[in-house]
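>>> Here you go, sequence then predicted model.
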Number of protein chains: 2
Amino acid sequence: MAADDRAPAPATYRSAGVDISAGDEAVQRIRAAVAATARPEVLGSLGGFAGCFAFPSGYHHPVLVSSTDGVGTKTAVATATGRFGTIGIDLVAMCVDDLVCTGAEPLFLLDYVAVGVLEPGRMEQVVSGVAEGCRRAGCALLGGEMAEHGDTVPAGHVDLAGFAVGVVEQQEMLGPERVRAGDVLLGLPSPGLRSNGYSLARHVLLERAGLSLEAPAWEGAGHSLADELLEPSVVYTPWVLAARAAVGAAGLHAAAHVTGGGIPGNLRRVLPADLDARVETGRWAEPRIFGEIRRLGAVAEEEMAEVFNLGLGMVLVVDPAAVDAVADAVDGAGGRALEVGTVVDGGGSVELVRP
Amino acid sequence: MAADDRAPAPATYRSAGVDISAGDEAVQRIRAAVAATARPEVLGSLGGFAGCFAFPSGYHHPVLVSSTDGVGTKTAVATATGRFGTIGIDLVAMCVDDLVCTGAEPLFLLDYVAVGVLEPGRMEQVVSGVAEGCRRAGCALLGGEMAEHGDTVPAGHVDLAGFAVGVVEQQEMLGPERVRAGDVLLGLPSPGLRSNGYSLARHVLLERAGLSLEAPAWEGAGHSLADELLEPSVVYTPWVLAARAAVGAAGLHAAAHVTGGGIPGNLRRVLPADLDARVETGRWAEPRIFGEIRRLGAVAEEEMAEVFNLGLGMVLVVDPAAVDAVADAVDGAGGRALEVGTVVDGGGSVELVRP
């Protein structure tokens, strides 16, 4: 039968903007990176209806702990520079470092990557970063979704969400009910912004000050502003788990992941109603980038403290008798813990004491 | 000290496009809907660093099962109509109906909602839908993230991802290794597109045919095209769990959630290499919307079958001796199961037999 030349060309998924083969190619490209994160508990393989993970034995009253997060508009820096290789590390840090604040060991993570146009090479960069983050956190990358949404995500952009699951023995959960007056605050340093405050940072540095991402980060800097803004988030989970293994929940009382809300906003979440935290900001060196944002944007000090981590990405609340053991354990795991303050009688608030 | 009039106004998070108070208002608005999904295992409340869920007792070799998904460009129909109340139900269906294909009971779900501008009323609609979906699935809405990303999501648009966790006894997992020649295929009807194929559906109906979302879905229809395209996905999980409870994994061998890839693409995932599935398309009534898309887009039959569910959103693979008990159990749970085909010797492929 002859084709009818008058008929419109048949509509296809491809003509509607969805390229299944690009998705297949991306899946092939990420396979090895994903496989490298597998733990012995992972059952089955990429391609089933769901990821399967044998529940670890040995828990008496296990609690599943779960968190979801994104990397905010740090993705816009990745888009502007075409450098998508490390935002996946940020994604994992945002998720697992929330989990570990309960004392949980992260077991697995799933990622969701939405793009305007699925470009396999870019997807490979993103997911390789997620896999690298999972490797650092010691969790399996159990599954993920790549969504091609021309309507909701502009071409060239990427939106990223992660979901992590961990487990903790109920009697060993960390939190405000363990915190006592006299507890010591140990800060874990962050060399950069982690993944918070990027809307304000970009507004100040790129729009108001008109800086170029390719120029030195500041006068005399040996690295570009893009390098500075893409600095991957430290994954604190191994350090916190090492501390907990060393001193237990009797020594490590609570942990606060410093994200939106800054040090005061997040430390407040682990304080009981009758205690205050006093943080002495002179106890650690604030990385230069925060000063640049403060200066170029004339940003008020309170706003700085509520939006940025100012150099501490995690604060541990530690029994005074356990401070040395926690510091040693963090050192032993390749990290560093600095005494930055104490818990005192009060009303549930956080005071930043400037030198 | 007098203010310096020459200094630029200080940059703030708000001046950078992030409105924290809108986020706080949205959290207040969704609190009741989220609370309504709580199960007894949920510990703590909204606002901790992570959601906590006491692991259910009674499992010998529990396997955690996890899946993540989005709702594709069905969100574009929500945006075009301002009707965001049901895409959350779709989100839950996409996630938990993947989980249940392993035989797992969903325990909890987390959602990630990215918007260009955080509008509390719209966010409330979206999350209320997610909560309603969780209620239908019997799982807790354990947490979520609302992200305001002016750069990556255009104003007025919403992107949506979900992440579900369930548990199944390892010895009772469903899957291809249980499927035998002679097994019966029971289809669970879908009245509409669920959440797949929207890029093609919108391309054909709205762009090529130029239909209006506010006009009748087709000539003589008593409902609009928007109503048709926003039809919430059936949450099959309670039906599948009822079937499994009635006949066990010895009777219910496998389940295939019909998403991207259609009936052939998904049924193939539960076939062993030496068996085929024969699906007789005359055994169920294809909903009218699929015929409209086929006709108006001159879409090839094979493309239709690989992109759309064509009226079956889930296919159960059932031992012949268990067919009546499964059908009764699904009926008893408020659903319906139709005999649509059989498993026969072959090579791992799916044949759609047209009448």
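The structure has been received and is ready for your questions. On a predicted model such as this, the values are computed, not experimentally measured, just so you know.

>>> Residue A:282: how many residues sit nearby?
Using other Cβ atoms under 10 Å in any protein chain shown, residue A:282 has 10 neighbouring residues. Backbone N, C-alpha and C define where each C-beta goes, glycine included.

>>> can you tell me which residues contact it?
Residues in contact with residue A:282, defined by Cβ atoms under 8 Å, 6 or more residues apart in numbering or on different chains, are A:354-355.

>>> Let's see that with 7 Å instead.
For residue A:282, the contact set (Cβ atoms under 7 Å, 6 or more residues apart in numbering or on different chains) comprises residue A:355.

>>> same deal with residue A:190?
A:234, A:309, A:311-313 are the contacts of residue A:190 under Cβ under 7 Å, 6+ apart.

>>> Which one of those is nearest to chain B?
residue A:313 (13.3 Å; Cβ to the nearest Cβ).

>>> Now the closest one: closest residue in space that isn't a chain neighbour?
Distances taken as Cβ to Cβ, 6 or more residues apart in numbering or on different chains put residue A:190 closest to residue A:313, at 3.4 Å, once the chain neighbours are dropped.

>>> Also residue A:292?
Nearest non-adjacent residue to residue A:292 (Cβ to Cβ, 6+ apart): residue A:218, at 5.6 Å.

>>> Please list all residues in contact with the residue most central in space within chain A.
Computing the C-alpha centroid of chain A and ranking residues by Cα atoms, centre = their mean puts residue A:94 first, at 2.0 Å. Contact analysis of residue A:94 by Cβ under 7 Å, 6+ apart lists A:69, A:71, A:162, A:195, A:233, A:259.

>>> what number of residues lie near the residue nearest to residue A:292?
16.

>>> Which stretches in chain A count as helices?
A:20-35, A:74-81, A:87-99, A:120-137, A:198-202, A:225-230, A:237-251, A:262-267, A:288-296, A:301-307, A:323-332 (DSSP state H).

>>> Who are the packing partners of the shortest one?
Think helix A:198-202. Counting contacts by 3 or more Cβ pairs under 7 Å, 6 or more residues apart in numbering or on different chains; DSSP states H and E, helix A:198-202 packs against helix A:74-81.

>>> The helix it packs on and chain B, any residue contact?
Yes - residues of helix A:74-81 contacting chain B under Cβ under 7 Å from any Cβ of the partner chain: A:75-76.

>>> Using TSV, please lay out the contacts of residue A:190 together with neighbour count.
Converted to TSV, the contacts of residue A:190 look like this (neighbours: other Cβ atoms under 10 Å in any protein chain shown):
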residue	neighbour count
A:234	21
A:309	29
A:311	22
A:312	25
A:313	28
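
>>> before we move on, the earlier item: next, give me the two most distant ones among the contacts of residue A:94.
Across the contacts of residue A:94, the longest distance by Cβ to Cβ is 13.2 Å; it joins A:162 and A:259.

>>> Mind checking which of those two has more residues around it?
Taking other Cβ under 10 Å, residue A:162 and residue A:259 do not tie; residue A:162 has more neighbours (32 against 23).

>>> So in terms of bridging, what pairs with that one?
residue A:69, residue A:111 (DSSP bridges).

>>> Same check on residue A:140?
residue A:108.

>>> That one contacts residue A:36, doesn't it?
No - Residue A:140 sits out of contact with residue A:36 when judged by Cβ atoms under 7 Å, with a separation of 10.0 Å.

>>> So for those two, which sits in the more crowded spot?
residue A:140 (26 against 14).

>>> ok, that one - contacts?
A:37-39, A:42, A:53, A:108, A:134.

>>> Quick check: the gap between it and residue B:206.
To residue B:206, residue A:140 is 41 Å away according to Cβ to Cβ, to the nearest Å.

>>> now do residue A:344
For residue A:344 relative to residue B:206 (Cβ to Cβ), the value is 62 Å.

>>> ok, now residue A:120?
Relative to residue B:206, and taking Cβ to Cβ, residue A:120 is found at 29 Å.

>>> How about residue A:67?
For residue A:67 relative to residue B:206 (Cβ to Cβ), the value is 38 Å.

>>> I'd like to know how far the closest residue to residue A:203 other than its chain neighbours sits from residue B:206.
With sequence-adjacent residues excluded and distances taken as Cβ to Cβ, 6+ apart, residue A:203 is closest to residue B:16, at 3.6 Å. Taking Cβ to Cβ as the measure, residue B:16 falls 35 Å from residue B:206.

>>> which of the two has more neighbours?
residue B:16 (22 against 17).

>>> Which residues of the stretch 251-355 of chain A lie near chain B?
Checking the stretch 251-355 of chain A against chain B by Cβ under 7 Å from any Cβ, the hits are A:257, A:269, A:297-300, A:303, A:307.

>>> Domain-wise, how is chain A divided?
A:20-47+A:55-172, A:176-353 (automatic domain parsing).

>>> So which of these is nearest residue B:323?
domain A:20-47+A:55-172 (27.4 Å).

>>> ok now the closest one, how far from the chain's centre?
Offset of domain A:20-47+A:55-172 from its chain centre (Cα atoms, centre = their mean, to the nearest Å): 10 Å.

>>> one step back: got a pLDDT number for the residue nearest to residue A:292?
In this model, residue A:218 is scored at 97, pLDDT.

>>> ok, now residue A:102?
95.

>>> tally of neighbours for the residue in the stretch 251-355 of chain A positioned nearest to chain B?
Closest residue of the stretch 251-355 of chain A to chain B, Cβ to the nearest Cβ: residue A:297 (3.4 Å). Per other Cβ under 10 Å, the neighbour tally for residue A:297 reads 25.

>>> Touching, it and residue A:202? I think so.
No - using Cβ under 7 Å, residue A:297 is not in contact with residue A:202, being 10.7 Å away.

>>> Now do the contacts for the residue of the stretch 251-355 of chain A closest to chain B.
Applying Cβ under 7 Å, 6+ apart, the residues contacting residue A:297 are A:204, A:208, B:10-11.

>>> Now do residue A:253 against residue B:194, distance only.
47 Å.

>>> who has more neighbours, those two?
residue B:194 (27 against 23).

>>> Pull up the gap between that one and residue B:201, please.
11 Å.

>>> How about residue A:35?
Counting by Cβ to Cβ, the gap from residue A:35 to residue B:201 is 35 Å.
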